[in-house]
Structure formats: C-alpha cells, structure tokens
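A.B. asks: here is a sequence together with a model predicted from it:
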Amino acid sequence: MNTAHLLAVCAAAGVAAASLSPVALAQTKPADPAKPAAKDDAAAAPQAAASSLDPEIKALHDLLAGRYVAAERTFTIVPVTIPDTPGALFCEITRAGRENDPEAHVIFQFIKRRGSTFLRMYRFPGGGTVAPGIANVPQAFPEFEGARLDLLTDLPVESDNPLTPTTFIAKTKDPIPTNTSGAVDMTSQFKVDKDGLMVYEVGYNAEGKDVWAFPIGDRVVFKRDKTPPSLETRPSGLVIDDYKPATDPNAREGKPGDSYTVHYRGWLPSGVVFDTSRQEGRQPFDITIPGGVIAGWNEGLIGMKVGASRRLYIPPVLGYGARGAGGVIPANSWLVFDIELLDLKKPEAPPPSTPKNDPGSNAGRPVDPVKDADKAVDKKKPE
C-alpha cells in the first residue's frame, strides 16, 4: 500500500522535490573556510520569538507537542517559529530502522474560524522536506514564510475542556478529495491525550469502498515518549548526533593532529544539499584536524571512531557566520553535516620550514581544503 495519506503525502512528493528550493543547487565552492566567523554572529542570528496565543489554542498546542513512538514509526512534534503562522508545530515522521532518513515533514497549527477550533495541516512546497533531524534541533529550523506552505486541510477539533484540555479529537467532517493509490476521497482522524497519539486514515474508491488504510489494520496508538533525544549539545552551540556508532570495539578514535578521511554530505536547514563528497567523480575527503575547515568541523570531528557516522548541527558562529559563502550559504545560516569516518592517520613529522626570504614561501597563507578538493570536483548536481 502506498502510505501517501495526509501525513505522509509529503514523503511521496518529496522523492522528486529535494528541498524547499524549486531546484536543487549545483555544488558551489564556499568562501574561505579557514576564516573564523565574526564573534557577533551568534547575536546576529535570528532569535525565535514566543507567540501570543489564545489560551485554548495554546493549551491544545502544548498538548500536541511531544514525541510519539510505535513499532513502525515515530512522530516528533516541536514548536517552531514561522512569522505569519503563530503557534506552528513542526512534525517529523520517521520509520523504524531509518530514523535518520525522515519519511515526511508536516506543519500543524491550531486555528479558530467562525467560532470553531480546527487543526490545520500544511506540507512544504511540492512535498519537500527540510534538513534531516531538525525536529530534534528546532533552533536550526529554517526561516520560512507560512504563505509559501501548501495547505492540506482543516480538521474540526473537539476537546474535553476548552480551557484546560487533557484530550482532543480532530477528524474530517466529510471525506476530503485525494488521488492516492486508487482512492478518490479519504477520512482522517487524530486523538491526542497525555498518554499518546492515535491516528487513523482511510481512502475510498468511487464506489465508497475502502482501498487503503493507515496504519494497516486497526488504529495504532503512538505512545508519548518523554525520553530526550540522545544528542550532545556543546557550550559552543554545536549539536552532535552519533547516530551510527563504530561496530569495531577497538576502532581508533580521532585525536587532534590526526588526518581524517571522511565521506560527508552538507545541508542547509531548508533541505538544500549544498555539498557532498559522494557526488559522482569525487573521492573521500582528507583533512588534518584542526585544520583549514570551519570551526564546527574542527570541534565536531575530534572523538569520532573509524567506521562511525556522526551528524553535526553547526550554528552560524561555527560555520560561515554573517558573511555566508559562495552565494549558496546565506548569512547566519545553520549547517547540517552527515560525516562518515573512513580512516585515521597519525600526524607525520613536519617538513623542514621554508626560509622566510624565499619568495615562493606560502608561510602564513590560510589552508583552503575546499579549494584543493575542487581541482578534482565534477560540477554536477549533488545526489
């Protein structure tokens, strides 16, 4: 069964839409990564402002926010700031075994209309997705205008108490149109309480016969899980997710001064892949750490073990700061990198120093590993 129901319709469309951008960006060489970001970049970064919500809306908003887990899927729903969409909640849906590859991204918002309360659902334009794992690091959520979101539907809401709800049901009053897997219309319903989330959606053909259901079988309760995500947040603002540990218990751990051989992929928060070593024609990237890369890499690679994969959520002050880079990375942008450590080499003895009076000396020139790597780069669209 195709699970492109209201919640995962984004996943089906997202196969063709790599990001919020109308076209995927070709790889572009960033600005000199050896230069540190300005010290005031953190202050210059946009700060999320608390929305002033109607008391009932705020109570429903707070009740829905959380992490919900069942055997096959996990829903992570967190408040985010979208300037013209007060009370926005970002939902990331992942499948068991593929937690680092989101199935769908959806935006929820409670609204009042003609005296009634509704749960409004949006998807990103064209079914696109933002950078993976942003639900666990909402401070990195991209700047975005709600007017650009695709409106899916409004579901009428009934709660046990308008002022202090402990449970609510949001469901379609009448079937809504769809063109998914042989269905011409569908119904959708949610029930949320302190213990969890129940979701059930059914698609019907032109004769009114059920042709699919999500989840398959009877209604599934996604239990509320209050366990915080296993992320490490550094004092610098760097967030680290060791989502794939090394399988060899004796794997070597990276130290300062080592040469690291890695494969990597970098996203903007909007979901644009701006650089990847896995692009056709490229090889794994070698870099001595610390070295001529952004501060987020110099801090974030140390301690990795060979064979492990790590996701870095890099704040602007540890990335390209207020200046951005290469016409691709905006000013004050977070960056998300997946890094797989393939090999480590111990530091070698330094070569003899070049005499200062040698006009060919490169002494003092900042290292630019991206520039060196670009010599062999095929300028094609990233994966």
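C.D. replies: Yes, it's here. Numbers count the residues shown, from 1 in each chain.
A.B. asks: what is the burial count for the nearest residue to Asp84 once chain neighbours are set aside?
C.D. replies: Nearest residue to Asp84 in three dimensions, chain neighbours excluded: Gly146, at 4.4 Å (Cβ to Cβ, 6 or more residues apart in numbering). Just so you know, the C-beta spots here come from the backbone N, C-alpha and C atoms, and that holds for glycine as well. Per other Cβ atoms under 10 Å, the neighbour tally for Gly146 reads 15.
A.B. asks: and the pLDDT for Gly146?
C.D. replies: The score at Gly146 is 91. That number is its pLDDT.
A.B. asks: so who does it touch?
C.D. replies: Ile82, Pro83, Asp84, Thr85, Ala88, Ile107, Tyr122 (Cβ atoms under 8 Å, 6 or more residues apart in numbering).
A.B. asks: can you tell me how far it is from Thr276?
C.D. replies: 30 Å (Cβ to Cβ, to the nearest Å).
A.B. asks: per the annotation, how does the protein divide into domains?
C.D. replies: Listed by automatic domain parsing, the domain ranges of the chain are 9-28+47-224, 232-348+361-374.
A.B. asks: least reliable of those domains going by mean pLDDT?
C.D. replies: Comparing mean pLDDT across the domains of the chain, the lowest value falls on domain 9-28+47-224: a mean of 84.
A.B. asks: now Pro83. Nearest residue, chain neighbours left out?
C.D. replies: Glu145 (6.7 Å).
A.B. asks: so who does the one you found touch?
C.D. replies: By Cβ under 8 Å, 6+ apart, the neighbours of Glu145 are Ile82, Pro83, Asp84.
A.B. asks: ok, now how distant is it from Phe124?
C.D. replies: Glu145 sits 12 Å away from Phe124, going by Cβ to Cβ.
A.B. asks: now the helices for this protein?
C.D. replies: 9-14, 41-44, 55-64, 295-300, 369-374 (DSSP state H).
A.B. asks: distance from the chain centre to the fourth one, please.
C.D. replies: The chain centroid and the centroid of helix 295-300 are separated by 19 Å under Cα atoms, centre = their mean, to the nearest Å.
A.B. asks: what do you get for the third one?
C.D. replies: Centroid separation between helix 55-64 and its chain, computed with Cα atoms, centre = their mean, is 24 Å.
A.B. asks: who does that helix touch, helix- and strand-wise?
C.D. replies: Counting contacts by 3 or more Cβ pairs under 8 Å, 6 or more residues apart in numbering; DSSP states H and E, helix 55-64 packs against strand 104-113, strand 116-123, strand 150-159, strand 167-171, strand 185-193.
A.B. asks: buried stuff in the shortest one?
C.D. replies: If you call a residue buried by 16 or more other Cβ atoms under 10 Å, then strand 167-171 has these buried ones: Phe168, Ile169, Ala170, Lys171.
A.B. asks: and stretch 153-161, by the same measure?
C.D. replies: Buried residues in stretch 153-161 (16+ other Cβ under 10 Å): Asp154, Leu155, Val157, Ser159.
A.B. asks: export the residues you listed as TSV, with columns for distance to Ala295.
C.D. replies: Shown next, in TSV, are the buried residues of stretch 153-161 (distance: Cβ to Cβ, whole Å):
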residue	distance to Ala295
Asp154	45
Leu155	45
Val157	46
Ser159	47
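A.B. asks: can you count the residues close to Arg114?
C.D. replies: When counting by other Cβ under 10 Å, one arrives at 5 neighbours for Arg114.
A.B. asks: which of the buried residues of strand 167-171 lies closest to Asp193?
C.D. replies: Phe168 (8.0 Å; Cβ to Cβ).
A.B. asks: what about stretch 327-345, how long is it end to end?
C.D. replies: 34 Å (Cα to Cα, to the nearest Å).
A.B. asks: off-centre distance for it?
C.D. replies: 13 Å.
A.B. asks: again with stretch 55-65
C.D. replies: Remark: stretch 55-65 is offset 24 Å from the chain centroid, using Cα atoms, centre = their mean.
A.B. asks: how about that stretch: buried residues?
C.D. replies: Buried-residue list, stretch 55-65, by 16+ other Cβ under 10 Å: Glu56, Ile57, Ala59, Leu60, His61, Leu63, Leu64, Ala65.
A.B. asks: one more: stretch 81-98?
C.D. replies: 81-82, 85-95.
A.B. asks: count of residues packed around Ile123?
C.D. replies: Just so we're on the same page, residue 123 is Arg rather than Ile. 24.
A.B. asks: was I right to think it contacts Leu152?
C.D. replies: Yes - counting by Cβ atoms under 8 Å, Leu152 is a contact partner of Arg123 at 5.9 Å.
A.B. asks: take the buried residues of strand 167-171 and write them to TSV, including distance to Tyr320.
C.D. replies: Formatted as TSV, those follow (distance: Cβ to Cβ, whole Å):
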residue	distance to Tyr320
Phe168	43
Ile169	46
Ala170	41
Lys171	46
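A.B. asks: let me know the closest of the residues you listed to Ala308.
C.D. replies: Taking Cβ to Cβ as the measure, Ala308 lies nearest Ala170 of those, at 41.1 Å.
A.B. asks: for that closest one, give its distance to Ala140.
C.D. replies: For Ala170, the distance to Ala140 equals 28 Å [Cβ to Cβ].
A.B. asks: circling back: could I get the helices and strands packed on helix 55-64 as a markdown table with distance to Val317?
C.D. replies: Putting the helices and strands packed on helix 55-64 into a markdown table (distance: least, Cβ to Cβ, whole Å) gives the following:
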| stretch | distance to Val317 |
| --- | --- |
| strand 104-113 | 26 |
| strand 116-123 | 31 |
| strand 150-159 | 33 |
| strand 167-171 | 40 |
| strand 185-193 | 37 |
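A.B. asks: closest to Val272 out of those strands?
C.D. replies: Judging the helices and strands packed on helix 55-64 by Cβ to Cβ, what sits closest to Val272 is strand 104-113, at 14.2 Å.
A.B. asks: thinking again about what came up before, in CSV, list the contacts of Gly146 along with distance to Asp101.
C.D. replies: Listed next are the contacts of Gly146 as CSV, based on distance: Cβ to Cβ, whole Å:
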residue, distance to Asp101
Ile82, 24
Pro83, 29
Asp84, 30
Thr85, 26
Ala88, 23
Ile107, 20
Tyr122, 22
